[in-house]
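Colleague: missing the sequence, but the structure's below:
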């Protein structure tokens, strides 16, 4: 049967996986498009790596089915699937040269010598390691060893490249550089990348779409901007990026409006319906801080005392003690002279933000 190029390259239908009493993956269904850079994120133990291993064929679902490139993968082992998996630990052979590592899969497949040589050189050029063919892995940096692992996977021309925490062993600066290189590489080769990471910022900067997992289930699948600006539940809002959370109780007020009573914020009004316990949330970069109260309509504001200032170079986090709950965190851009903070611990300030920048959750 011919596979329509508009059909998903991966389709997961009601997949479950249990280890003893632990439900690692709980009735997950999702689709991944051809040529997509897709990320699976979530806290440790949420099931994301187990799901990736089921795509690769290293774990077998207890229930449900996995389709790759239109084929049901039930009973099909890892070596017969149109995928390749790049591990966190690189898994390069220390006794082999860079070229030998990259060519290994083709040699096992007994491809002609000329084809192996040509495809090895092509793969090394893709990951910018041409000229390093004769070096051993211990002569390379961590980033270069990871590129060897990528080249070894790509040389097999899989329909899907699976990446399990591929950058977690690298230092922060190299990770950022490799994130850019991975995105460029994915666009160059045009195949589907599926990455597992616990680093939310890594997923936001690289992926076309992201699935957020929690306790074995997928809580939301969306593009980076939608996931960050319009999370569908408190868990996703709290996991993706940083956010301030305020507990409250909502009662209907006017048509399409709620009156919310909060220990920290007092009594405020927001668009919405229903009644009961709610969580109001706002991102730190949405908050303005000033020494004077704001007068604009539809503005939420609360007064507090600076508890701490964390300086990060281009920006600072200001922690405001509002008298109840955890400190409110606001981001400010450092545009003044270096080392001269605009706000000092102990100072009384107003935190304010547009009501429309608030998120409201009932879970």
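Modeller: Yep, it's here. Just so it is clear, the structure is predicted and the values come from calculations on it, not from any experiment.
Colleague: from here on, just use CA atoms for contacts and neighbour counts.
Modeller: Noted.
Colleague: remind me which residues of the stretch 201-350 of the chain are low pLDDT?
Modeller: Counting by pLDDT under 70, the stretch 201-350 of the chain has low-confidence residues at 336-341.
Colleague: strands of that one, start to end?
Modeller: Taking DSSP state E, counting those that start in this stretch as the test, the strands found in the stretch 201-350 of the chain are 209-214, 217-222, 244-252, 257-262, 266-271, 276-282, 288-290, 299-311, 315-321, 328-333, 348-354.
Colleague: for residue 23, what are its contacts?
Modeller: Contact analysis of residue 23 by C-alpha atoms under 8 Å, 6 or more residues apart in numbering lists 16-17, 215-216.
Colleague: switch those residues over to a markdown table; also include neighbour count.
Modeller: Shown next, in a markdown table, are those (neighbours: other C-alpha atoms under 10 Å):
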| residue | neighbour count |
| --- | --- |
| 16 | 22 |
| 17 | 23 |
| 215 | 18 |
| 216 | 23 |
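Colleague: can I get the residues you listed in JSON lines with distance to residue 329?
Modeller: As requested, these are exported to JSON lines (distance: C-alpha to C-alpha, whole Å):
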{"residue": "16", "distance to residue 329": "39"}
{"residue": "17", "distance to residue 329": "39"}
{"residue": "215", "distance to residue 329": "28"}
{"residue": "216", "distance to residue 329": "30"}
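Colleague: out of those, which is nearest to residue 331?
Modeller: Top of the list for closeness to residue 331, among the contacts of residue 23 and by C-alpha to C-alpha, is residue 215 at 30.8 Å.
Colleague: now do the spatially closest residue to the closest one that is not a sequence neighbour against residue 227, distance only.
Modeller: Of all residues not flanking residue 215 in the chain, residue 46 sits nearest, at 4.7 Å (C-alpha to C-alpha, 6 or more residues apart in numbering). Going from residue 46 to residue 227 by C-alpha to C-alpha, to the nearest Å gives 18 Å.
Colleague: over to residue 13?
Modeller: Separation of residue 13 from residue 227 (C-alpha to C-alpha): 23 Å.
Colleague: higher neighbour count, these two?
Modeller: residue 227 (21 against 16; other C-alpha atoms under 10 Å).
Colleague: which residues touch the more buried one?
Modeller: Neighbouring residues of residue 227 by C-alpha under 8 Å, 6+ apart: 210, 220-221, 236-237, 240.
Colleague: do the same with residue 44
Modeller: Counted by C-alpha under 8 Å, 6+ apart, residue 44 has contacts residue 198.
Colleague: can you pull out the helices in this structure?
Modeller: 48-56, 98-108, 113-126, 142-154, 172-189, 200-206, 224-229, 234-239 (DSSP state H).
Colleague: circling back to that earlier point, any idea of the pLDDT on the residue nearest to residue 215?
Modeller: Looking at residue 46, its pLDDT is 94.
Colleague: show me what contacts the residue most central in space within the chain?
Modeller: Nearest to the geometric centre of the chain sits residue 203, at 2.8 Å (C-alpha atoms, centre = their mean). Contacts for residue 203 were tallied using C-alpha under 8 Å, 6+ apart; they are 39, 41, 197, 210, 224.
Colleague: and the two most separated of those?
Modeller: 197 and 224 (14.2 Å).
Colleague: now render the helices of the chain as a markdown table, adding distance to residue 292.
Modeller: Shown next, in a markdown table, are the helices of the chain (distance: least, C-alpha to C-alpha, whole Å):
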| stretch | distance to residue 292 |
| --- | --- |
| helix 48-56 | 47 |
| helix 98-108 | 62 |
| helix 113-126 | 56 |
| helix 142-154 | 49 |
| helix 172-189 | 39 |
| helix 200-206 | 34 |
| helix 224-229 | 28 |
| helix 234-239 | 29 |
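Colleague: what sits against the residue lying closest to residue 38 once chain neighbours are set aside?
Modeller: Nearest residue to residue 38 in three dimensions, chain neighbours excluded: residue 194, at 4.8 Å (C-alpha to C-alpha, 6+ apart). By C-alpha under 8 Å, 6+ apart, residue 194 lies in contact with 37-40, 160-163.
Colleague: how about residue 36?
Modeller: By C-alpha under 8 Å, 6+ apart, the neighbours of residue 36 are 191-193, 207-209.
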